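In: Sequence plus the predicted model coming up.
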Number of protein chains: 2
Amino acid sequence: MDMAQTKPHERLAEMLAEDMGAVNALIRERMASEHAPRIPEVTAHLVEAGGKRLRPMLTLAAARLCGYGGPYHVHLAATVEFIHTATLLHDDVVDESRQRRGRPTANLLWDNKSSVLVGDYLFARSFQLMTDTGNMRVLRILSNAAAVIAEGEVLQMTAARDLGTDEAVYLKVVRGKTAALFSAATEVGGVIAGAPEEQVAALFTYGDALGIAFQIVDDLLDYGGDATATGKNVGDDFRERKLTLPVIKAVAQADAEERAFWTRVIEKGDQRDGDLAHALELLDRHGAMAATRADALGWAERAKGAIRALPEGELRGLMIDLADYVVARIS
Amino acid sequence: MDMAQTKPHERLAEMLAEDMGAVNALIRERMASEHAPRIPEVTAHLVEAGGKRLRPMLTLAAARLCGYGGPYHVHLAATVEFIHTATLLHDDVVDESRQRRGRPTANLLWDNKSSVLVGDYLFARSFQLMTDTGNMRVLRILSNAAAVIAEGEVLQMTAARDLGTDEAVYLKVVRGKTAALFSAATEVGGVIAGAPEEQVAALFTYGDALGIAFQIVDDLLDYGGDATATGKNVGDDFRERKLTLPVIKAVAQADAEERAFWTRVIEKGDQRDGDLAHALELLDRHGAMAATRADALGWAERAKGAIRALPEGELRGLMIDLADYVVARIS
């Protein structure tokens, strides 16, 4: 394998292959249900759909980077993937989604009931998994993350179409929907390894900044990416009337006429032919795309700066490369 | 207040009034969300709807009965109520319910999204509350109960209309939907008090048997109660094609013709005028109502037998009275 040509998350997966094998075995074991076969059916549909497993990998990498030699980073990585899978199941119900990772969603294949209840089962199983570690601090971190995730989702639901939403609210939503699980994933890796507090704090900051960069890039590509790279079509967020960072920046600088436009298309949802093109023009006029791009790059730099507090080596190098890779699509 | 005339749960509430005040204050504090006002709105709608708070009261009673003098039974009681409230929110989405406790459900007043996400928030908050106790064993018990609850709900969804469902599967569903939280509620009261293992086991058995009796009575009244006592109409379960214990017992003794009837009305859902009357006649013919009633009384006796392992006194007396009260409606 030519390492220079391989993506950093693939090199991480290569380097952590043995640990990831243990995580996958534990996930298969714990998603089983003797009495309710619907549970492993629905879970397998998602878990085996071939996501990148970025979150559990971050937990493993953080623990290894801090020199951990025990068994429980595997439990924590599986916990993180269960929480992620549970939120995906509930998200697809909330958003009435029909596709995820190019396959029909569970709510479409089975029904909303199955998605709600199997998601609840995975949440409960994730908490059981954590208790296996016997470490109260990781329980606090992960239950706190679960609360931030749910709060962020509720906030997004009520704030998404409200032009009053500013960058502070956007950041809170993004921390909830993405960064809270990234930062918990890296933080618990350090905690289980018994790393010094400044390293634990650095791992938290790395995960938080990486997650925020990740989400901003996603929002940016929705107005300027190509569909093959993102699996989404340009303007999906616009059509779904989601108030993402580029729009928030453009609205902040809008004159009365522009504000009326945003009110009509986002708040009222009255969209006509040519509206997407006009929105793109407004984003461009106010430099909103460039400013959003600069924000994403700033968060990636912040992630890289934080991880430098951890011991030097191949693993740290890969985590730095990962932060670059997240923003590479917009660089 | 004439104690002899007062219901045992009301006397319990009276006796535990100070503790319950602390539980209510903690619930109000923890259901708050600085950024997402939808969360306390939805939660308050349910929490303040005037349920009997039976589950948190059982935790308080169990802890006090074991001589507990610390603060954490309050956290555990609030945890139990949060888990209960979260499951109600999700149940109403799954069942597409329109009423609960005589008021419109949250999914009707707001929407399914709010019910799913606020339920998730309450689950997460309940786990945070538990970690406050610093007691790993109660975390294991309550996360295990949460998994059994979700598994029971999934099982009910797939087994409810399947005539192959036997009493063992029914019991598993009932433990999931009702008894698991009752038994966890009483067990953690003993654990947090540091009670001897035989008392902890007796508290578990009491909660388990009480919960099962409670649910069987509910199922029985659906075919024979009066609407004022139950808040339900006779035959609601029949119309919703739920395979409850009386029907399972009648199906087990059905001849070919009767089996065809049950297949048509429960599995196929093809119900006509006179079907409910015929079902009641079949339940009567096979002694299914009397046998179900005997089962409920047996579980109540089992609860009373178990709690006698705990120290004698007014509190224990009330818990015995409570078991009698649960089955009093069918005695």
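Out: Here it is on my side, so go on. Keep in mind the model is a prediction, meaning the values are calculated, not measured. Numbers count the residues shown, from 1 in each chain, chains lettered A, B, ... in the order given.
In: contacts and neighbour counts: CA atoms only from here.
Out: Noted.
In: mind checking how far A:D321 is from A:E10?
Out: The gap separating A:D321 from A:E10 is 11 Å, by Cα to Cα, to the nearest Å.
In: I meant to write A:T292 there.
Out: In this view, A:T292 and A:E10 are 27 Å apart by Cα to Cα.
In: between the two, which one's more packed in?
Out: Comparing A:T292 with A:E10 by neighbour count (other Cα atoms under 10 Å in any protein chain shown), the higher total belongs to A:T292, at 21 against 15.
In: show me what contacts the more buried one?
Out: By Cα atoms under 8 Å, 6 or more residues apart in numbering or on different chains, A:T292 lies in contact with A:216, A:220, A:245-246, A:249.
In: Recalculate using a threshold of 10 Å.
Out: A:216-217, A:219-220, A:244-249, A:298 (Cα atoms under 10 Å, 6 or more residues apart in numbering or on different chains).
In: need these in CSV with secondary structure and neighbour count, can you?
Out: Formatted as CSV, these follow (DSSP: H, G, I helix; E, B strand; the rest coil; neighbours: other Cα atoms under 10 Å in any protein chain shown):
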residue, secondary structure, neighbour count
A:I216, helix, 23
A:V217, helix, 23
A:D219, helix, 22
A:L220, helix, 22
A:T244, coil, 25
A:L245, helix, 25
A:P246, helix, 25
A:V247, helix, 25
A:I248, helix, 20
A:K249, helix, 20
A:G298, helix, 15
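In: Would you mind listing what in the stretch 151-300 of chain A touches chain B?
Out: A:151-159, A:169, A:172-173 (Cα under 10 Å from any Cα of the partner chain).
In: For ChimeraX, write a command that selects the buried ones of those residues.
Out: For the buried members of these, the matching ChimeraX selection, counting by 16 or more other Cα atoms under 10 Å in any protein chain shown, is:
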select /A:151,152,153,154,155,156,157,159,169,172,173
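In: Make TSV out of the residues of the stretch 151-300 of chain A next to chain B and add distance to B:A61, secondary structure and pLDDT.
Out: Shown next, in TSV, are those (distance: Cα to Cα, whole Å; DSSP: H, G, I helix; E, B strand; the rest coil; pLDDT from 0 to 100):
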residue	distance to B:A61	secondary structure	pLDDT
A:E151	32	helix	90
A:G152	36	helix	89
A:E153	36	helix	87
A:V154	35	helix	85
A:L155	37	helix	86
A:Q156	40	helix	85
A:M157	40	helix	81
A:T158	40	helix	78
A:A159	43	helix	78
A:V169	43	helix	90
A:K172	40	helix	91
A:V173	41	helix	91
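In: quick check, nearest of the residues of the stretch 151-300 of chain A next to chain B to B:I192?
Out: Using Cα to Cα, A:E151 comes nearest to B:I192 of these, at 29.5 Å.
In: Tell me which residue is most central in chain A.
Out: Using Cα atoms, centre = their mean, the residue of chain A that lies closest to the mean C-alpha position is A:T178, 3.4 Å off.
In: so how far is A:A184 from that one?
Out: From A:T178 over to A:A184 (counting by Cα to Cα), the distance is 11 Å.
In: can you list the weak-confidence ranges in the stretch 201-331 of chain A?
Out: A:225-232 (pLDDT under 70).
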